[in-house]
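**Student:** One predicted model, sequence on top.
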Amino acid sequence: MSERQRRQLRIDGVEIHDGGDCYVVAEIGHNHQGELDKAKQLIEAAKECGVNAVKLQKRSNRTLFTREFFDQPYDNEFSFGRTYGEHREALELGREEWIELQRYARELDITLFGTAFDFESADLLAELDVPVFKLASADLQNTPLLRHVAAFGKPMLLSTGGAVIEDVQRAVDAILPLNDRLCILQCTAAYPCTSRSTTPGRARTMPSRSCRKECASSYGTCAASRPRSATASSVLCRSRSGRC
């Protein structure tokens, strides 16, 4: 493979390429339950497991949900509030807490970033200078949000669980004119997901299906490098320059 065609991605100073190990991200999400100390404990546990990065989620709930949905009763054993909105708000970490977690992650030498579910959250993460942005499968068709995040110029990880190939191509077409540091994650929208359902080999077949002939030579494609374990996820990288 020529240098021009070498497929690689740099996240927070770490090079991900065909000949290297898989870049492993521990999903914390909202499992910290809105508690800063618990978030730190999860970051520390992830570091002890040897992962490269940890990922949280950030939402502006009043932006995402209608007032009716925000105020609907949410009374069950897993609820953190009387309404769904109160429940979601209880799980959120604010700007100062994110700053503290960034400091703590740097202290542990582990990368921290997040999934932005709306414009306000994306702007906050950009202000905090996260090294990479994650976009959820549910936002694969949210072209305005994809373009908004792409304009930051940071690497983007795009989930594709539950999507058809046309959705993936539409998202790629929306992002690439603004940002060619794009990676597509082969995902299976199933919880829990069995090993048989993960279909990591699809990461290698997706490019030929989703890339139109006229753009095949304009950006490189790559499946993620050698996994650390059989359960490591596969990644596709796409870039007009051969880098992503």
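**Tutor:** Good, I have the coordinates.

**Student:** In this structure, mark out all the helices, start to finish.
**Tutor:** 36-49, 61-64, 67-70, 84-91, 95-108, 119-127, 143-150, 165-175, 202-210 (DSSP state H).

**Student:** Where among these is average confidence lowest?
**Tutor:** With a mean of 52, helix 202-210 has the lowest mean pLDDT of the helices of the chain.

**Student:** and Asp75, how far is that from Lys154?
**Tutor:** Computed as C-beta to C-beta, to the nearest Å, the Asp75 to Lys154 distance reads 40 Å. C-betas here are computed from N, CA, C, even on glycine.

**Student:** Equivalent analysis for Pro131, please.
**Tutor:** 7 Å.

**Student:** that older thread, in terms of neighbours, single out the busier of Asp75 and Lys154.
**Tutor:** Using other C-beta atoms under 10 Å as the criterion, Asp75 and Lys154 rank with Lys154 on top: 18 against 9.

**Student:** what residues are up against that one?
**Tutor:** Neighbour list for Lys154: 126, 130-133, 179, 181 [criterion: C-beta atoms under 8 Å, 6 or more residues apart in numbering].

**Student:** Throw the residues you listed into JSON lines and include neighbour count and distance to Val149, thanks.
**Tutor:** Listed next are those as JSON lines, based on neighbours: other C-beta atoms under 10 Å; distance: C-beta to C-beta, whole Å:
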{"residue": "Ala126", "neighbour count": "17", "distance to Val149": "8"}
{"residue": "Val130", "neighbour count": "24", "distance to Val149": "11"}
{"residue": "Pro131", "neighbour count": "15", "distance to Val149": "13"}
{"residue": "Val132", "neighbour count": "22", "distance to Val149": "11"}
{"residue": "Phe133", "neighbour count": "22", "distance to Val149": "5"}
{"residue": "Asn179", "neighbour count": "20", "distance to Val149": "8"}
{"residue": "Arg181", "neighbour count": "23", "distance to Val149": "11"}
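
**Student:** Closest to Ile43 out of these?
**Tutor:** Val130 (14.3 Å; C-beta to C-beta).

**Student:** Now the most centrally placed residue in the chain: closest residue in space that isn't a chain neighbour?
**Tutor:** Closest to where the C-alpha atoms of the chain average out (C-alpha atoms, centre = their mean) is Lys134, at 2.5 Å. Spatially, and ignoring its direct neighbours in sequence, Lys134 is nearest to Thr115 (4.2 Å; C-beta to C-beta, 6 or more residues apart in numbering).

**Student:** Give me the pLDDT for that neighbour.
**Tutor:** 98.

**Student:** now do Cys222
**Tutor:** Cys222 is given a pLDDT of 30.

**Student:** And the one 10 residues further on, by the same measure?
**Tutor:** Looking at Ala232, its pLDDT stands at 30.

**Student:** Likewise for the one 5 residues further on?
**Tutor:** According to the predicted model, the pLDDT of Cys237 comes to 36.

**Student:** Next: Asp21.
**Tutor:** Per-residue pLDDT puts Asp21 at 89.

**Student:** residues contacting the closest residue to Leu128 other than its chain neighbours?
**Tutor:** Distances taken as C-beta to C-beta, 6+ apart place Trp98 nearest to Leu128, at 5.8 Å, with adjacent residues excluded. Each residue near Trp98 by C-beta under 8 Å, 6+ apart is listed here: 56, 58, 114, 124, 128.

**Student:** Just give me the closest of the residues you listed to Glu15.
**Tutor:** The nearest member of the contacts of Trp98 to Glu15, counting by C-beta to C-beta, is Gly114 at 22.0 Å.
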